[in-house]
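1. got a structure for you, letters missing:
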């Protein structure tokens, strides 16, 4: 006998469903309480499925809602459903998948996949065969409902469907789906492609076995009338390009022609899917070869796609010019994630690297949804990186027409094009920049806010070139105009200008020092003017300024301008306000730059950071002990506070000693260093290193407890944690001296292992080499026996680092170890010579150490062997050793073949590095 509802119970459930559609919050709260009560009764779920599948007299939204509440119950506690209830629900779903209403069919499909994803695919063996069987139904609703459910199952359980656990049902399903590519209903065709698409990226075997049929069927649907079908065809081809390019290459010319058409599809969703093709193709090695002859067609299409659509302009309030007085709504503000402190070393010829560019999204953040404009711009950007200057003959004729176009929407797209190609086509653009940059600077005062904001972004992409010219030519006018835009009446322009100015600061560094007063006046004035969201970006611009000009900021007049508004904000914010993150980051940079200039402000800032760490640790402890009573704390508060303490220790140096003496920071640090969250440990070790340098007197009593923790964190799985722990150990060595001896074995093996690991990031290699050198400097007897195991990667890691204190102590260490174990360096002596030659001006006593080792080795092997050995040296190395250390090396005039040999040995040496 089938389950039947009790009439009174049914009315109660229906009333509840009606109430839950009310906008009134008080009613909603009552509904939630009532739901909790009803969930105590197992057959409440029977009522919900009954309303969804059988109560056809009710309106569709109510029935669908009943199914969605049931879906949430399945998600939360399906395991505790009594078997009769679970069986009734499953049976009802399968019996009613062909409901006349598409909304009800979709709801049942969602319910089926939710049950399936609760581990029920194995426990519901009839599900897939029945759904596949229902695809054959003559009734459209049944076929469509079954396909909708299958599509959701394919999305949620794709791996399981291709596994032995279920006897690989895909072997039957894929050929079945392929049959429906030719179905008369576009909705069914679309479902069929979407189902198969789920298995492309994982290269499911059943699909790979049918790959040619699949591709053939896709080509047959290329000109389908239905946009949803065309969209799924484009999506399939984009994925196949990534995983089975071998199968597409024979048809590549036709596919490219097809995608050129689809990128202009009148349905924007189709055009967007097709536009992804160019992004994916740019990552393939064959891109240049197959696309070169199509650039003439492709470039204008991409450029055209970069115009704002009418809907974009409405969403972006493109006609609103002044909105600075309108407060931000909270959902406009993206959550910020603090990036923990990582210790790095300065390099030769260092300039800010462009790897951050990926983040500087072209502009429209409020439109953070991916759209055709963004996709077209991203595609042009990656293609510019592939084709470089070869792109320009196709672009420059278009650009002229765009940049000077009377319609602002067209002109704006031209400025975006110019920004998108900046990275890839920089060399080819240089001859045009003296003319273009002034034009772009003029666009900063355009009457349309969206033109002003994109001009900010594009100019920031050319900041490196601007800074390389005499300052009066472009830097000064650009800076003057950008500062005006920072005070623009439009919030979007303020934001773009602030971000662009931060990029300019990174490039210009100390070039900005003459203008500091003017810059600070502007940034401080913006404090009183900005709404919530832009304030957070302003903090970043101030922090970047401090990083860029460093100690030049430590002037009474500058401190007087900058600190009062920052401290005022600091006092306004509560301990649990997330706006503290960017403010703390900003203050960290400011404290490091101001050094002793920060002293008057340091006490309250220091105390509050310690409090934040203490509070977070206490909350974490309560949560661990009673997870049902307390919420997990947001550990970012602690991470940012630790980083600001690092900034204070670095900026104040010895002055921080009294603050540390009066606080329990060392106890807190001991706990933070053992936190389960890697970012907390990362920031803890950075602070430990900075405190070691600033006031070792307070660190020393804790060394016996700290060293084992540092040792266990020398794990390159967590690169940044490992990096900072390594650096801290090196700093501790320099303070401990010979007393480091009991701890050498705790860390040495791990360090040697890391320096020999393939694919270890450069920063970690450099810090590891410095720390091994420092360990050897203070305990040469303990470290020297392992010299042979690390000397080669040690030398190649440090040859590119600029002369500095850390490099100095590390090289002293290596010289002392060679003194103890000269045999350890013999096999790799050429690498040692190369590393020594990387010094520009070592201190006199260090130069003497190098001199003794080089001459000692030469005397040891004898003149003839030395000449043979030095034959392998690249010419530059020979010259440097002869000039700096008087090591005469054999210089033979060679023919071409000899030159080739010399250049090859140079190459080997460089590859070794």
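-> Thanks, I have the structure now. These numbers come from a predicted model, not from an experiment. Residues are numbered from 1 along each chain as shown.

2. Tell me which stretches of the stretch 101-250 of the chain form helices.
-> Assigned by DSSP state H, counting those that start in this stretch, the helices in the stretch 101-250 of the chain fall at 102-115, 121-123, 127-134, 140-156, 158-161, 170-179, 186-197, 205-209, 211-220, 227-243, 245-248.

3. If you count neighbours, what's buried in stretch 544-564?
-> 544-550, 552-554, 558-559, 561-563 (16 or more other C-beta atoms under 10 Å). Every residue, glycine included, has its C-beta placed from N, CA and C.

4. sorry, that was for stretch 78-87
-> Those buried within stretch 78-87 under the rule 16+ other C-beta under 10 Å are 78, 81, 85-86.

5. residue ranges with poor pLDDT in this protein?
-> 1, 120, 330-339, 341, 345-368, 888-913 (pLDDT under 70).

6. picking up where we left off before, out of the helices of the stretch 101-250 of the chain, nearest to residue 507?
-> helix 227-243 (35.0 Å; C-beta to C-beta).

7. and that closest one, what other elements does it pack with?
-> Contacts defined by 3 or more C-beta pairs under 8 Å, 6 or more residues apart in numbering; DSSP states H and E place helix 227-243 against helix 186-197, helix 211-220, helix 245-248, helix 252-262, helix 268-282.

8. May I see the ones you listed organised as TSV, with mean neighbour count and distance to residue 767 added?
-> TSV is the format used below for those (neighbours: other C-beta atoms under 10 Å; distance: least, C-beta to C-beta, whole Å):
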stretch	mean neighbour count	distance to residue 767
helix 186-197	23	45
helix 211-220	16	48
helix 245-248	14	40
helix 252-262	17	46
helix 268-282	22	35
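
9. Could you dump the ones you listed into JSON lines and include distance to residue 507?
-> Rendered in JSON lines, the data for the helices and strands packed on helix 227-243 read as follows (distance: least, C-beta to C-beta, whole Å):
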{"stretch": "helix 186-197", "distance to residue 507": "44"}
{"stretch": "helix 211-220", "distance to residue 507": "47"}
{"stretch": "helix 245-248", "distance to residue 507": "38"}
{"stretch": "helix 252-262", "distance to residue 507": "37"}
{"stretch": "helix 268-282", "distance to residue 507": "26"}
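
10. that older thread, wait, which of the helices of the stretch 101-250 of the chain is closest to residue 694?
-> It is, among the helices of the stretch 101-250 of the chain and with distance given as C-beta to C-beta, helix 227-243, at 50.6 Å.

11. what about stretch 2-11, start to end distance?
-> The first and final residues of stretch 2-11 sit 20 Å from each other (C-alpha to C-alpha, to the nearest Å).

12. Centre of the chain to that stretch, how far?
-> Here the centre of stretch 2-11 is set off from its chain's centre by 54 Å, with C-alpha atoms, centre = their mean, to the nearest Å.

13. Return the distance of the helix or strand containing residue 810 from the chain's centre.
-> Assigned by DSSP states H and E, residue 810 belongs to helix 805-820. Averaging C-alpha positions (C-alpha atoms, centre = their mean) puts helix 805-820 37 Å from its chain's average.

14. Can you spell out which helices and strands pack onto that helix?
-> helix 762-778, helix 780-783, helix 787-798, helix 829-837, helix 844-861.

15. Mind doing that once more with 6 Å?
-> helix 762-778, helix 780-783 (3 or more C-beta pairs under 6 Å, 6 or more residues apart in numbering; DSSP states H and E).

16. nearest to residue 159, of these?
-> Of all the helices and strands packed on helix 805-820, helix 762-778 comes closest under C-beta to C-beta, at 33.7 Å.

17. Contacts for the closest one, please.
-> Residues outside helix 762-778 that contact it (C-beta atoms under 6 Å, 6 or more residues apart in numbering) are 344-345, 719, 723, 726-727, 729-730, 733-734, 737-738, 740, 751, 754-755, 783, 794, 797-798, 806, 809-810, 812-814, 817.

18. tell me what the longest helix along the chain is packed against?
-> When the chain is parsed with DSSP state H, its longest helix is helix 599-625. With contacts defined as 3+ C-beta pairs under 6 Å, 6+ apart, helix 599-625 has these neighbours: helix 636-652, helix 665-672.

19. 8 Å instead, please
-> Against helix 599-625 (3+ C-beta pairs under 8 Å, 6+ apart) you get helix 556-572, helix 580-594, helix 636-652, helix 657-661, helix 665-672.

20. Counting neighbours, which bits of the one helix or strand residue 378 maps to end up buried?
-> Residue 378 is part of helix 372-387, with elements assigned from DSSP H and E. With burial defined by 16+ other C-beta under 10 Å, the residues of helix 372-387 counted as buried are 372-384, 386-387.

21. Also stretch 825-834?
-> Buried residues in stretch 825-834 (16+ other C-beta under 10 Å): 825, 828-834.

22. likewise stretch 526-536?
-> Buried residues in stretch 526-536 (16+ other C-beta under 10 Å): 526-527, 529-531, 533-536.

23. ditto for stretch 621-635
-> Buried residues in stretch 621-635 (16+ other C-beta under 10 Å): 633, 635.

24. Please shift the residue numbers so they start at 33 in all later answers.
-> OK, 33 is where the count begins now, so the last one is stretch 653-667.

25. and for it, what are the contacting residues?
-> The set of residues external to stretch 653-667 that reach it, using C-beta atoms under 8 Å, 6 or more residues apart in numbering, is 610, 647-648, 651-652, 707, 709, 711-712.

26. Mind doing that once more with 10 Å?
-> 370, 608, 610, 613, 647-652, 703-704, 707-709, 711-712, 715 (C-beta atoms under 10 Å, 6 or more residues apart in numbering).

27. What subset of the residues you listed is buried?
-> Using 16+ other C-beta under 10 Å, the buried ones in the contacts of stretch 653-667 are 370, 610, 613, 647-649, 651-652, 703-704, 707, 709, 711-712, 715.

28. What is the most widely separated pair among these?
-> 610 and 703 (22.8 Å).

29. Give me the secondary structure label for residue 131.
-> coil (DSSP: H, G, I helix; E, B strand; the rest coil).

30. hmm, back to that, which pair in the buried residues of stretch 857-866 spans the largest distance?
-> 857 and 866 (12.4 Å).
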